[in-house]
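**Student:** Here you go, sequence then predicted model.
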Amino acid sequence: MTEQETTQSPDAGKASTAGKLTGGKLCIPAVGAIGALVPAIILAAVGNYGLTRFMFAYIIAFAFFLSISLGALFFVCIQHISRAAWSVTSRRVAEVLAMTMPVMAIAFLPIAANVWLGGGDVYPWAASHAHHAPAQGEEHADTTHTTDDHAPAADHAEPATGHASLTARDEYAPDEKKAAHAADTASVVHAAPAQEVVVDESHTEPAVTLDGHRHIPGVIDPHTEEIYTAKKAAYLNVPFFIARWVIYFAVWIGLSFTFWKKSVEQDTTGDVQLTRFMERLSPLAIVLFAVTVTYATFDLIMSLSPAWFSTIFGVYYFAGCMLSIFAVLILVLSFLRNKGIIDKDTVSKEHLHDHGKFLFGFVVFWAYIAFSQYMLIWYASLPETTFWFVARGATTVSADFNSWSIVSIAMIFCNFFIPFIGLMSRHIKRTNATLQFWAVWLLVFHWVDLWWLIMPEMSVSLKVGLVEILTMVGLGGLFVAGAVWVGSLNAIVPQKDPRMTESLAFKNM
Amino acid sequence: MVLGMPTKKPDAPSKVVALIAEFDSVDAILAAAEKVRDAGYTKWDTHSPFPVHGIDDAMGIKPTILPWLVLGGGITGLLGGLGLAWYANVFEYPFLTSGKPEFSLPANIPVIFETTVLLSAFGAVFGMLGLNRLPWHYNPLFKKKSFSRVTNDRFVVVIEAADPIFDTQRTTDLLNSLSPICVEEVED
């Protein structure tokens, strides 16, 4: 592009018609909302699970708002790497949302404190007594169970043909013959008996807390979990966990700040070299982003169940990040347009239509990743991976359905089929009210998705209530206050961007 | 709108099948398209070297039915894939794999997904060809000098003689009033 050869682009003088946020007004109620965390803590403390309940609710809320910040950072990166013009008028909002990263770093402190002091009530690997086996767990480790009240006898008449069974539970079914076989197998591999995965069968019985451990009955017994945890101790330990999060936030804050700072600098100078710089930075930023987000997801969510592993898990959370940022961008941009802070021609129906297309695309992407993860684990049917889905009732074995099954099934429809059909039409994406409806819908079910990922690690029954809502309000207050404050420092639409004219003229064919 | 397939008889005198007007800018073609649209023509088209923003509105083009063809293809692929999976795994050749039920949906979703995508794509490609009445081996427009630069730097409006309100004289006058570079008659 020849226009970029000049230091000052010809479009530089063309200021977009954008106002500034008046931060003060919104900041105060937002900061006040942080107070909602106090009743959340009190409510949780008097409940069955005590402060552990609050921490789980807090991690859900933290993962929710972090996904917006991360999505915003990635959005900015892909606009620069692709030298996109259409998105220039929306880009500042994303830069500001990414700049909530320091706030998220502060919001991480309670989680760090819990890991440091909590003795593993939330993250089992953080228990100081990592090698201590609970008494009941030891019993489980050496015996194969001989009672099974749930499965009909017919189930066990079949395995003579040698089918692999659908779930871990059936694999260790207490048919006399199978028990004998299991014992044989155990003696054959006696050199490493500790590695044998033993799956507790009492999972339809009420939740039992063993020796201060969270225990998801029947999914994976605490002893097995401890063996896996011990094997992963080189990675899953408190100092390294804290060190990793310091690195993650250093990377995320560094990148968010750089992109925001350079973009803001261009508002006054109109220097095209700043755009060039960000285009060169973005590939590196994307690589750093991919690595940090993958490991951060492992640490924040997957390690709640330290025995479990899924390499696609980081991508799964990334899909949620992108869903939430496009939903949030649609809502924020619509809000700013309605308030007259952004001119309706600056961010036009055409731009919102494109955000809607991305939203639609990432609905499909999320489903693709979610299904890929599920299908591989379901098909291989290895007990050391299936238990995680069994805990969520996401199984095709009716005997393993639990109270989370309804959520798992609802998510197939509410996170995919319904918004997929709902967002398909061009007219819906080009109509403000319907587009915003689906943005809200997907944000709600993005939260449900995170709730479904995190909460089953605490409780086999559905746990949702005021604690979760108040925690969302509290952390949301912090997030909004941070975003509004950063947003009010500068114009809310980039000024003098070399691609501004092109962006203003953008039209869908 | 495109020209109807010409039916050429060897000895018949060539007759005017369309009028072509050549323009040299996007603004001119947009203004011209609006005038032609407002004059009530239906069988006419514009040609340009690149997509012109706003030409759909200027020409008053109605939304295409292509998305519905794609949807139809997709639903056919979905049901076809589902039926194929059921037919093969349950009806025709039931075979126990990995202890899974004979008809287990998760294992079949990749197949169903692929057939859905395949037939959606077929719907898009063949639907587009059908709606445009392509492929076409002959078009009298290619004989005209005014049309030769349409892939380079010129824009043209073509009004077909098949249009109900087409009248060689009046249509020529209309096109001339749009200040084109030139107006030509297109013979078969």
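**Tutor:** Done, it's in.
**Student:** What about the residue in the stretch 201-350 of chain A that chain B sits nearest to, how many residues nearby?
**Tutor:** Nearest residue of the stretch 201-350 of chain A to chain B, counting by CB to the nearest CB: A:Glu350, 9.8 Å away. Yep, even glycine has a C-beta here, placed from its N, CA and C like the rest. By other CB atoms under 10 Å in any protein chain shown, the residues close to A:Glu350 number 17.
**Student:** wait, what's in contact with it?
**Tutor:** A:86, A:506-508 (CB atoms under 8 Å, 6 or more residues apart in numbering or on different chains).
**Student:** Closest one of the residues you listed to chain B?
**Tutor:** Among those, and counting by CB to the nearest CB, the member closest to chain B is A:Lys507, at 4.6 Å.
**Student:** Let me know the pLDDT of that closest one.
**Tutor:** What the model reports for A:Lys507 is a pLDDT of 83.
**Student:** same deal with A:Ser16?
**Tutor:** 47.
**Student:** remind me, longest helix of chain B?
**Tutor:** Longest helix in chain B by number of residues (criterion: DSSP state H): helix B:105-131.
**Student:** starting at the chain centroid, how far to the helix or strand following that helix?
**Tutor:** Per DSSP states H and E, the first helix or strand lying C-terminal to helix B:105-131 is strand B:155-160. Averaged C-alpha coordinates place strand B:155-160 at 16 Å from its chain's average position (CA atoms, centre = their mean, to the nearest Å).
**Student:** for the record, mean pLDDT for strand B:155-160?
**Tutor:** Rounded mean pLDDT across strand B:155-160 is 93.
**Student:** ok, and for the next helix or strand along the chain from it, which residues are buried?
**Tutor:** Sequence-wise, the next helix or strand downstream of strand B:155-160 (DSSP H and E) is helix B:168-176. For helix B:168-176, the neighbour count (16 or more other CB atoms under 10 Å in any protein chain shown) marks B:171-172, B:174-175 as buried.
**Student:** Equivalent analysis for stretch B:59-69, please.
**Tutor:** B:59, B:69.
**Student:** Show residues contacting that stretch.
**Tutor:** By CB under 8 Å, 6+ apart, stretch B:59-69 touches A:426, B:33, B:36-37, B:46, B:123-124, B:127-128, B:131.
**Student:** so how far is chain A from the residue nearest in space to the middle of chain B?
**Tutor:** With distances taken as CA atoms, centre = their mean, B:Asn132 lies nearest the centre of chain B, 3.4 Å away. Remark: distance between B:Asn132 and chain A (CB to the nearest CB, to the nearest Å) = 16 Å.
**Student:** who wins for most neighbours among the contacts of stretch B:59-69?
**Tutor:** Among the contacts of stretch B:59-69, the one with the most neighbours (other CB under 10 Å) is B:Ala33, at 26 neighbours.
**Student:** And the residue of chain B closest to chain A?
**Tutor:** B:Gly99 (3.4 Å).
**Student:** Next, give phi and psi for that residue.
**Tutor:** phi 70, psi 10 (degrees, to the nearest 10).
**Student:** From what I see, it and A:Tyr379 are in contact.
**Tutor:** No: at 10.6 Å, B:Gly99 does not count as touching A:Tyr379 under the criterion of CB atoms under 8 Å.
**Student:** Give the residue from those two that has the larger number of neighbours.
**Tutor:** A direct count of neighbours by other CB under 10 Å for B:Gly99 and A:Tyr379 places B:Gly99 higher, at 17 against 14.
**Student:** Please list the residues of chain B that sit near chain A.
**Tutor:** B:51, B:53-54, B:56, B:67, B:96, B:98-101, B:104, B:106-107, B:109-110 (CB under 8 Å from any CB of the partner chain).
**Student:** name the helices or strands packed onto the longest helix of chain B?
**Tutor:** helix A:349-380, helix B:66-86 (3 or more CB pairs under 8 Å, 6 or more residues apart in numbering or on different chains; DSSP states H and E).
**Student:** In TSV: those helices, plus mean pLDDT and distance to B:Tyr138.
**Tutor:** As requested, the helices and strands packed on helix B:105-131 are arranged in TSV below (pLDDT from 0 to 100; distance: least, CB to CB, whole Å):
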stretch	mean pLDDT	distance to B:Tyr138
helix A:349-380	95	38
helix B:66-86	95	25
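**Student:** so can I have TSV of these showing distance to A:Asn402?
**Tutor:** Output for those, formatted as TSV (distance: least, CB to CB, whole Å):
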stretch	distance to A:Asn402
helix A:349-380	16
helix B:66-86	28
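**Student:** and among those helices, the most buried is which?
**Tutor:** By mean neighbour count, with neighbours taken as mean count of other CB atoms under 10 Å in any protein chain shown, helix A:349-380 ranks first of the helices and strands packed on helix B:105-131 at a mean of 19.
**Student:** Tell me how far that helix lies from the chain's centre.
**Tutor:** 14 Å.
**Student:** same question, stretch A:446-456
**Tutor:** That offset, for stretch A:446-456, works out to 8 Å (CA atoms, centre = their mean).
**Student:** list the helices and strands the strand or helix carrying A:Leu97 packs on?
**Tutor:** Using DSSP H and E, A:Leu97 falls within helix A:88-98. Applying 3+ CB pairs under 8 Å, 6+ apart, one finds that helix A:88-98 contacts helix A:51-81, helix A:238-269, helix A:313-338, helix A:349-380, helix A:466-487, helix A:500-504.
**Student:** so A:Phe74 makes contact with A:Ile286?
**Tutor:** Yes: using CB under 8 Å, A:Phe74 is in contact with A:Ile286, at 7.4 Å.
**Student:** Is B:Glu22 within a helix or a strand, and which one?
**Tutor:** Assigned by DSSP H and E, B:Glu22 falls in strand B:16-23.
**Student:** by how many degrees do that strand and strand B:155-160 diverge?
**Tutor:** 160 degrees (axes from the mean of the first three to the mean of the last three CA atoms, to 10 degrees).
**Student:** next SSE after strand B:16-23?
**Tutor:** helix B:26-38.
**Student:** Give the buried residues for that following helix.
**Tutor:** In helix B:26-38, counting by 16+ other CB under 10 Å, buried: B:28-30, B:32-34, B:36-37.
**Student:** Kindly reformat those residues as a markdown table containing pLDDT.
**Tutor:** Listed next are the buried residues of helix B:26-38 as a markdown table, based on pLDDT from 0 to 100:
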| residue | pLDDT |
| --- | --- |
| B:Ala28 | 92 |
| B:Ile29 | 93 |
| B:Leu30 | 93 |
| B:Ala32 | 93 |
| B:Ala33 | 94 |
| B:Glu34 | 93 |
| B:Val36 | 93 |
| B:Arg37 | 93 |
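**Student:** returning to that earlier point: looking at the buried residues of helix B:168-176, spot the one nearest A:Gln495.
**Tutor:** Sorting those by how near they are to A:Gln495, with CB to CB, puts B:Leu175 at the top with 44.5 Å.
**Student:** That closest one against B:Val156, yeah?
**Tutor:** No: with contact defined as CB under 8 Å, B:Leu175 does not reach B:Val156; the gap is 10.3 Å.
**Student:** Identify the contacts common to these two.
**Tutor:** Joint contacts of B:Leu175 and B:Val156 (CB under 8 Å, 6+ apart) are B:Ala21.
**Student:** related to what we said a few turns ago, which one of the helices and strands packed on helix A:88-98 lies closest to A:Val115?
**Tutor:** Proximity to A:Val115 (CB to CB) singles out helix A:238-269 among the helices and strands packed on helix A:88-98, at 5.6 Å.
**Student:** Give me the mean pLDDT for the longest helix of chain B.
**Tutor:** 95.
**Student:** Just the buried residues of it, please?
**Tutor:** Quick answer for helix B:105-131 (16+ other CB under 10 Å): B:107-109, B:112-113, B:115-116, B:119-120, B:122-124, B:127.
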